[in-house]
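Novice: Turn this into a structure:
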Amino acid sequence: VGAHDEIFQGQVPVLVGCDVESTYTYLLKQVEHRDTTSWGMHLLELSDQGMKLDHTIADGGKGLRSGQREAWPDVPCRGDVFHPLYDLGKVVRFLKNRAEATSEIVEKLEVKMEKAKKKSLGTRYSRLLGHATREATKALQLKDDILTLSDWLKKDILSVTGANLNSRRELLDFVIDELKSREVQCSHKIRPVRRLLELQGDDLLCFVEDLDAELQHLSEVHAIDIYYVRQLFELQGISNKENHYWKLSADLHRKIGVQFYELWEAINDLIKGTVRASSIVENLNSRLRNYFFLRKTLGNGYL
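Specialist: Below you'll find the predicted structure:
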């Protein structure tokens, strides 16, 4: 599995590719443009050297993705779950700050209102206060709604443990629809995230298809109903500090029998081996950035 990304040395792009298992860096090239041609040419060079990947993971870069389609039409490029979660998190923080700011305005107007009342001038601020209160209520509600949708995306849809592909697809469509219905309240922040989820939804959920297939395989190998296999799988997404965890664990142990721990280990290995993000290449870029900052003249020879 390869992780692809771009980093910039000043205004000059550098194409980066890493193997997520070994962290081997197979691509590190400074180019003039990060377009389809540049990516395609360097990926074809890797093919000539014997590079064969099952799939890659990357953000939504157009040149990166179209270049891979041209060079490696049979290698899927999956979505990186980090970016939509990070972007939606930024929206939540923005809305939280806005909600706090509107609440502060209400508080200040309330203080002025009280002072004005003592002088029999309370009507001076009543209209402003009413409008500010309505805006603060709307801002707080929007923040709470987007925070809830963000939590669902993180903990139920793009998490490793969770429902099957069809259920997650339905949940993702629901989140997209709910974001769209609230765009009018903060279009410049919500719309880009909604569009990202809309355009990359299938790519983001590719890892779930693999999980479903592997869980079905474990069910057949161990001759255990897929229902119990999935329950054991979802159990690993629950904190063992919760009473519910131990109650469900004991119940499954009783139903599955002697194969419980063997199946547990197999599912645990499956979870550890599931890759959803290009974190390894982001990590490499963060290390390279220090060198790029100190040595402005780095070229392909050094890379």
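
Novice: Only C-alpha atoms from now on, for both contacts and neighbour counts.
Specialist: Will do.

Novice: What distance do you get for the residue nearest to Asp212 when sequence neighbours are not counted to Gln231?
Specialist: Take Asp212 and drop its neighbours on the chain: the residue closest to it by C-alpha to C-alpha, 6 or more residues apart in numbering is Asn164, 6.3 Å away. According to C-alpha to C-alpha, to the nearest Å, Asn164 stands 11 Å off from Gln231.

Novice: Kindly report the same for Leu85.
Specialist: 26 Å.

Novice: Low-confidence stretches in the stretch 201-303 of the chain?
Specialist: Applying pLDDT under 70 to the stretch 201-303 of the chain flags residues 293-300, 303.

Novice: So which residues of it form strands?
Specialist: Applying DSSP state E, counting those that start in this stretch to the stretch 201-303 of the chain gives no strands.

Novice: now for the helix or strand in which Val106 is found, which elements pack on it?
Specialist: Per DSSP states H and E, Val106 falls inside helix 82-118. Helices and strands touching helix 82-118, by 3 or more C-alpha pairs under 8 Å, 6 or more residues apart in numbering; DSSP states H and E, are helix 123-152, helix 187-204.

Novice: Ok, which of the ones you listed comes nearest Thr36?
Specialist: Among these, the nearest to Thr36 by C-alpha to C-alpha is helix 187-204 (18.5 Å).

Novice: Just the CA atoms of that closest one, as CSV, please.
Specialist: Output of helix 187-204 as CSV, limited to C-alpha atoms (Å, rounded to 0.1, in the frame of the first residue of the first chain):
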residue,chain,number,x,y,z
SER,A,187,-21.7,28.4,3.2
HIS,A,188,-18.0,29.3,2.9
LYS,A,189,-17.1,26.9,5.7
ILE,A,190,-19.6,24.0,5.3
ARG,A,191,-19.8,23.7,1.5
PRO,A,192,-16.2,22.7,0.8
VAL,A,193,-16.4,19.9,3.4
ARG,A,194,-19.8,18.7,2.1
ARG,A,195,-18.4,18.7,-1.5
LEU,A,196,-15.3,16.7,-0.4
LEU,A,197,-17.5,14.1,1.3
GLU,A,198,-19.8,14.0,-1.7
LEU,A,199,-17.1,13.6,-4.3
GLN,A,200,-14.8,11.3,-2.3
GLY,A,201,-17.3,9.3,-0.3
ASP,A,202,-16.8,6.0,-2.2
ASP,A,203,-13.0,6.4,-2.0
LEU,A,204,-13.1,7.1,1.7
